[in-house]
Every structure is written in C-alpha cells, then in structure tokens.
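Enquirer: I would like the atomic coordinates for the input below:
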Amino acid sequence: MSITVHPDLEARLRQKAEAEVLTVEAYVERLLRSDQQADEELEGLALEGLNSGEPIEAGTSYWEEKHRRLDERLTNTGAR
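Expert: Got it, this is the predicted structure:
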C-alpha cells in the first residue's frame, strides 16, 4: 500500500519511528494495532457498564434530581 501524507506529517512519522528504532511502516502498524486495542477495550467497558446492574429510567425527573444533587454538592463545597 502506498499513501501520500503532508511533508510535515511525514517528517514527524519518520522522527517518531526512528526514535523507537522502527521503520515508518512498522510504526504505523503499531499505531493501528494500539488503536484497535483501544476500541476493543472501550467496547468491553461499555458492555460491562450495560451489564453492571438493573437498568434505570433516565427521564426528566432523573435528570432534575441529578442537577439538584449537583447544585447541593457545589453549594456545600463552596464552589458556587
């Protein structure tokens, strides 16, 4: 595969790759693998959150109560 990148970006890629004693290709592959792992971790965390307990109804009253409690905490900590 061949891609064209802006010369400034190419210089930065080369610099980063050289600093890690990698070819530009190996550096880009490592970045992509890292990105893929981050996506998989995020998906796992999202699923863990979805399966973490009983669902709640997040209607208007839920958010009003959240805002009321936040306002109370801010007032009590002197942040307001």
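Enquirer: which parts of the least confident helix or strand in the chain by mean pLDDT are buried?
Expert: Lowest mean confidence among the helices and strands of the chain (mean pLDDT, DSSP states H and E): helix 60-77, at a mean of 94. For helix 60-77, a neighbour-count test (16 or more other C-beta atoms under 10 Å) marks nothing as buried. C-betas here are computed from N, CA, C, even on glycine.
Enquirer: and for stretch 33-42?
Expert: Under 16+ other C-beta under 10 Å, stretch 33-42 has no buried positions.
Enquirer: and the least confident helix or strand of the chain, what does it pack against?
Expert: Packing contacts for helix 60-77, counted by 3 or more C-beta pairs under 8 Å, 6 or more residues apart in numbering; DSSP states H and E, involve no helix or strand.
Enquirer: the chain should start at 11 in everything you say after this.
Expert: Sure thing, new numbering starts at 11, so read that last one as helix 70-87.
Enquirer: pull the residues that contact the helix or strand hosting Glu28.
Expert: Element membership of Glu28 [criterion: DSSP states H and E] is helix 17-29. Contacting residues not belonging to helix 17-29 are listed as 15, 33-34, 36-38 [C-beta atoms under 8 Å, 6 or more residues apart in numbering].
Enquirer: now do stretch 30-37
Expert: Contacts for stretch 30-37 (C-beta under 8 Å, 6+ apart): 23-24, 26-27, 40.
Enquirer: what does stretch 80-90 give?
Expert: With C-beta under 8 Å, 6+ apart, stretch 80-90 has no contacts at all.
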